[in-house]
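Novice: Just a sequence and a predicted model for now, questions to come.
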Number of protein chains: 2
Amino acid sequence: MSLTKPRTMPGVLELLPLDQIAFQEMLDNIRAGFERYGFLPIETPAIELSNVLLTKSGGETERQVYFVQSTGSLIKGGDPELALRFDLTVPLARYVAEHEHKLNFPFRRYQMQRVYRGESAQRGRFREFYQCDVDVIGKDSLSPRFDAELVAVIDQVFQALKVGPFQVRVNHRMLMRGLLEHLGVDGSEQQTLVLREVDKLDKRGADHVRGSLAGEGIGLSSDAIGQLLDFVGFRSSGVDEALAKLETMPTSNEALQQGVSELREVLTLVRAFGVPESNFAWDCAIARGLDYYTGTVYETVLTEHPEIGSVCSGGRYESLASNYTKSKLPGVGISIGATRLYWQLREAGLIDTGRSSVAVLVTQFDPELFDEYAHLASMLRAAGINTELQLEPGKLGKQIKYAVKAGIPFAVIAGPDEHAKGVVQIKDLSRQEQFEVPKDELIASLRVEIEQYRAMALAKEPTS
Amino acid sequence: MSLTKPRTMPGVLELLPLDQIAFQEMLDNIRAGFERYGFLPIETPAIELSNVLLTKSGGETERQVYFVQSTGSLIKGGDPELALRFDLTVPLARYVAEHEHKLNFPFRRYQMQRVYRGESAQRGRFREFYQCDVDVIGKDSLSPRFDAELVAVIDQVFQALKVGPFQVRVNHRMLMRGLLEHLGVDGSEQQTLVLREVDKLDKRGADHVRGSLAGEGIGLSSDAIGQLLDFVGFRSSGVDEALAKLETMPTSNEALQQGVSELREVLTLVRAFGVPESNFAWDCAIARGLDYYTGTVYETVLTEHPEIGSVCSGGRYESLASNYTKSKLPGVGISIGATRLYWQLREAGLIDTGRSSVAVLVTQFDPELFDEYAHLASMLRAAGINTELQLEPGKLGKQIKYAVKAGIPFAVIAGPDEHAKGVVQIKDLSRQEQFEVPKDELIASLRVEIEQYRAMALAKEPTS
């Protein structure tokens, strides 16, 4: 029989077990952070009905959609009735509208699942990847306090991830819109053009942006450009500085007034939540979500790795599910692209291979004593210790070598002498030390050893 | 704008948050059981290349495959190059073959992910569902001891799931094949026919099966039928009884000898692993996997709910990845269809709505004291207690009602009087009791309360 080359499609991240453990730890940390703030889990199917998923004429998004057809439907022909979700926001909208009368509002949900996009194949671009989203959906209205709480959630999660210093950068779309109006940039199309230029500040520099803003198609006065860049170049280094700068904002229109007032409330409250002031800032250059977001917007950067870009973004939106329900459901949310984040952290050397989920290998010194080894393994497992039992006989050296290669930190060894004396040997494979304990102290001793090993491993992590 | 009806495709199980928590607990228990026995996690992409996924001319399977096409590929036309996995075994084979030189053998992996099948829509049949698989893959050979270990894994998992009494039923395909040969049923086609009839014993009864076995197309002698049904009607009620019955097996061919010897080893070892003898049996009627399995086969039933059928099945196979590699990779594995299991347990009243992952609601008695409430919430979160903070003002009664409806067990209440005295009220929402503690004892008191609440909730679970 001819062989098929075993391979995955491009644009997926498939991991070896120890890397999978590291990735799983990252997901567990994110989940714990979301739950710490009282968010509830949901999961939705990866396959949605096409006409439900694609209600908006989605332009760029639609071009990346993966459609799904069963064999029967393929034979019948016609347009595919099913499609894979490309984010978790549209499924959330569908979920909230579908289950509206069974949910508590404000509805605080988190969701950590894979999404699918027909991206062009390119290093670091994924076609199947995890998103970890938190959203709060209000009925009719939702206080800006929820916008503040999400900054605290991001802070909680990224502290737990131990990826070094980070900063949540906050801005407000209404404030930006109001400021542009104030500077004579009217109409959302024209404002979008300007914000798109502003977005290039980091990459192209102020001179380039100044030129574009003065040039054809936009044609701002140099005075207006000066005022705009004064704000857009501003990033607060503490809440008081941010509040002071907010005081200097013009107040010539309602959008400006509301934007300033909400942003003030958000920043003040983030501090009241106990988030360290170095971990968040008002950054007037954040202009994300040109049409979608209507209030607060967030980006999060690893301060020592700006090249990675935003690792957690989101914002406030007017109405979540207007395609599915007449109810007004304003919301605010954030999203972590966990697959891409993991990949980038690994590339940047900020994340290592995981520690094995196996704590102990019970070795087979003497095949005659196999039942004794089976008993030891059962004992350890009953005590909650993740244990692998060497099932096939072989040289002890080879067994130990296997454990080391597999990243298992401890081995239990017992030959006929130990058996006769009622003792066992515990071998610490990372420190190459070995010591003897009475069999009935095995569990207690191993617990201490494992605890120490974990504490040491934590202390050794790259940036903790 | 006209509204789109928000709905999912038929054949998916989408849960409300508290049910999702119960389901997640089930998955966490399964994962913990797998890890307790030293299995390592992997995840593979849901989307595989069609020509890699569908190497075998899969008949029934292939008809249920969901194919995937990006918009671009749809426009181009032609056969879809991508498909969704329909199980976790083919992706495992692809994974092991692809990463063969980076893996340790025997490769002990678990995998808990969704799979996709274009089933016809029917109550209790799912098109998108979780499978939780454990497999051990050997290189060249793999001892029957691994077959025994998997029974212990099933035992560990189902004890942790607390779904009442269960039994893992074990049989051996070679023993069955040898027995059939011994009775004059030669050739795999003919044997398949006979085993298919035997599979109907539970549903159609012995008389019906006796008739079919004697009838056209099979034509067994009544003596042969008697011998066959003698074994096939046998289910051991302990290891010693099983071993005694195995002694009475004919030994007229090699398959019989090997089957008897391996099954003896497996049953003896399962006992040595400490699995209670009521939790497993030799059941000669288990004939699962007509072609695929070649040695041990497993089914697991909830003894008080036989109508549910097998909740965990699997077996031993000759070679995992012969489509992808020349290496001989024998394996043994089990699979839990977690979505279906959850659905069935819920239908049978064996599983309840989950307890909220939120332990405490910090209420807002006096909007003026909001910063104090934010501080209390931060304190509790820093202590590792999952806390929701009431962000919007409102009547206390309404806040408490919300907490009760959301399943949050405790509320923290502090008005101006408490604030002045440096105390807070803890309200136990399940027992409708309330008591006062000094603010600096809040964390310690709540920890005790939450501990007690969890213990009580565990004790109340349907069948624990």
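Specialist: Now that the structure is in, tell me what you want to look at.
Novice: what's around the closest residue to residue A:277 other than its chain neighbours, how many residues?
Specialist: Using C-beta to C-beta, 6 or more residues apart in numbering or on different chains and skipping residues adjacent in sequence, the residue nearest residue A:277 is residue A:238, 4.9 Å away. C-beta: built from backbone N, CA, C; applies to glycine. Residue A:238 has 15 neighbours, counted by other C-beta atoms under 10 Å in any protein chain shown.
Novice: need the strands for the stretch 301-450 of chain A, in chain order.
Specialist: If DSSP state E, counting those that start in this stretch is used as the criterion, the strands of the stretch 301-450 of chain A fall at A:313-317, A:331-337, A:360-362, A:387-389, A:410-413, A:423-428, A:433-438.
Novice: quick one: terminal-to-terminal distance for stretch A:428-435?
Specialist: 9 Å (C-alpha to C-alpha, to the nearest Å).
Novice: What separation do you get for the closest residue to residue A:402 other than its chain neighbours and residue B:194?
Specialist: Spatial nearest neighbour of residue A:402, chain neighbours left out: residue B:104 (6.2 Å); criterion: C-beta to C-beta, 6+ apart. Per C-beta to C-beta, to the nearest Å, residue B:104 is found 40 Å from residue B:194.
Novice: more crowded one of those two?
Specialist: When neighbours are counted by other C-beta under 10 Å, residue B:104 and residue B:194 differ, and residue B:194 comes out ahead with 24 against 14.
Novice: these two touch, right, the more buried one and residue B:215?
Specialist: No: contact criterion C-beta atoms under 8 Å: residue B:194 and residue B:215 do not qualify, at 11.6 Å.
Novice: contacting residues for the residue most central in space within chain A?
Specialist: Residue closest to the mean C-alpha point of chain A, counted by C-alpha atoms, centre = their mean, is residue A:336 at 2.9 Å. Residue A:336 sits next to A:30, A:131, A:132, A:133, A:157, A:311, A:312 when contact means C-beta atoms under 8 Å, 6 or more residues apart in numbering or on different chains.
Novice: let's see 6 Å
Specialist: A:132, A:312 (C-beta atoms under 6 Å, 6 or more residues apart in numbering or on different chains).
Novice: Return the set of residues that bridge with it.
Specialist: residue A:132 (DSSP bridges).
Novice: what's the neighbour count on residue A:325?
Specialist: For residue A:325, the neighbour count with other C-beta under 10 Å is 20.
Novice: Okay, the closest residue in space to it that isn't next to it in sequence and residue A:115: tell me how far apart.
Specialist: Using C-beta to C-beta, 6+ apart and skipping the chain neighbours, the partner closest in space to residue A:325 is residue A:97 (4.1 Å). Distance, residue A:97 to residue A:115, by C-beta to C-beta: 19 Å.
Novice: returning to that earlier point: distance-wise, check the residue nearest to the centre of chain A relative to chain B.
Specialist: Residue A:336 is 17 Å from chain B, where distance means C-beta to the nearest C-beta, to the nearest Å.
Novice: quick one: pLDDT of residue A:407?
Specialist: Looking at residue A:407, its pLDDT reads 93.
Novice: and it, what are its phi and psi?
Specialist: As for residue A:407, its main-chain torsions (degrees, to the nearest 10) stand at phi 80, psi 20.
Novice: same check, this time on residue A:253
Specialist: Torsion angles, degrees, to the nearest 10, at residue A:253: phi -150, psi 170.
Novice: and it, what does it touch?
Specialist: Here residue A:253 is in contact with A:178, A:181 (C-beta under 6 Å, 6+ apart).
Novice: if you set the cut-off to 8 Å instead, what comes out?
Specialist: With C-beta under 8 Å, 6+ apart, residue A:253 has these contacts: A:178, A:181, A:182.
Novice: Next, count neighbours for the residue lying closest to residue A:125 once chain neighbours are set aside.
Specialist: In space, and not counting its chain neighbours, residue A:125 is closest to residue A:119: 4.8 Å by C-beta to C-beta, 6+ apart. When neighbours are defined as other C-beta under 10 Å, residue A:119 has 15 of them.
Novice: Against residue A:66, how distant is residue A:119?
Specialist: Distance from residue A:119 to residue A:66, by C-beta to C-beta: 10 Å.
Novice: Could you do residue A:246 as well?
Specialist: Distance from residue A:246 to residue A:66, by C-beta to C-beta: 44 Å.
Novice: Which one of those two is surrounded by more residues?
Specialist: residue A:66 (27 against 18).
Novice: Look up which residues are beta-bridged to the more buried one.
Specialist: Bridge pairing for residue A:66 - DSSP bridges - gives residue B:70.
Novice: Report the contact partners of it.
Specialist: Here residue A:66 is in contact with A:83, A:84, A:86, A:116, A:117, A:118, B:47, B:68, B:69, B:70, B:82 (C-beta under 8 Å, 6+ apart).
Novice: again, only using 10 Å
Specialist: Counting by C-beta atoms under 10 Å, 6 or more residues apart in numbering or on different chains, residue A:66 touches A:46-47, A:80, A:82-86, A:115-118, A:127-128, B:47, B:68-71, B:73-74, B:82, B:84.
Novice: Next step: the residues you listed restricted to helices.
Specialist: Here DSSP state H is the test, and these give B:71, B:73, B:74 as lying in helices.
Novice: contacting residues for the residue lying closest to the first one once chain neighbours are set aside?
Specialist: I take that to be residue B:71. Excluding the flanking residues, the one nearest residue B:71 by C-beta to C-beta, 6+ apart is residue A:63, at 5.3 Å. Contacts for residue A:63 (C-beta under 10 Å, 6+ apart) come out as A:117, A:118, B:70, B:71, B:72.
Novice: Between those, identify the one with the most neighbours.
Specialist: Neighbour max across the contacts of residue A:63 (other C-beta under 10 Å) = residue B:70, 23 neighbours.
Novice: who's in contact with whatever residue of the stretch 351-464 of chain A ends up closest to chain B?
Specialist: Ranked by C-beta to the nearest C-beta, the top residue of the stretch 351-464 of chain A for proximity to chain B is residue A:388, at 3.0 Å. Each residue near residue A:388 by C-beta under 10 Å, 6+ apart is listed here: A:356, A:358-363, A:377, A:380-381, A:402-403, A:406, A:408, A:411, B:37-40, B:106, B:108, B:149.
Novice: mind listing what the residue lying closest to it once chain neighbours are set aside touches?
Specialist: Counting by C-beta to C-beta, 6+ apart, residue A:388 lies nearest to residue B:38, which is 3.0 Å off, once chain neighbours are set aside. Residue B:38 makes contact with A:356-362, A:377, A:381, A:386-389, A:406, A:408, B:108, B:149, B:153, according to C-beta under 10 Å, 6+ apart.
Novice: where do the helices sit along the stretch 301-450 of chain A?
Specialist: With helices called from DSSP state H, counting those that start in this stretch, the stretch 301-450 of chain A shows them at A:338-347, A:370-382, A:396-405, A:416-421, A:442-460.
Novice: quick one, the last one and helix A:370-382 angle?
Specialist: Yep, that's helix A:442-460 we're talking about. Interaxial angle, helix A:442-460 versus helix A:370-382 (axes from the mean of the first three to the mean of the last three C-alpha atoms, to 10 degrees): 60 degrees.
Novice: Average pLDDT for helix A:442-460, rounded please.
Specialist: According to the model, helix A:442-460 has a mean pLDDT of 90.
Novice: And that helix, how far out from the chain middle?
Specialist: 29 Å (C-alpha atoms, centre = their mean, to the nearest Å).
Novice: With the second one instead?
Specialist: In this view, helix A:370-382 has its centroid 39 Å away from the chain centroid, taken as C-alpha atoms, centre = their mean.
Novice: Check which residues of that helix are buried.
Specialist: Residues A:370, A:372, A:373, A:374, A:375, A:376, A:377, A:378, A:379, A:380, A:381 are the ones in helix A:370-382 that count as buried (16 or more other C-beta atoms under 10 Å in any protein chain shown).
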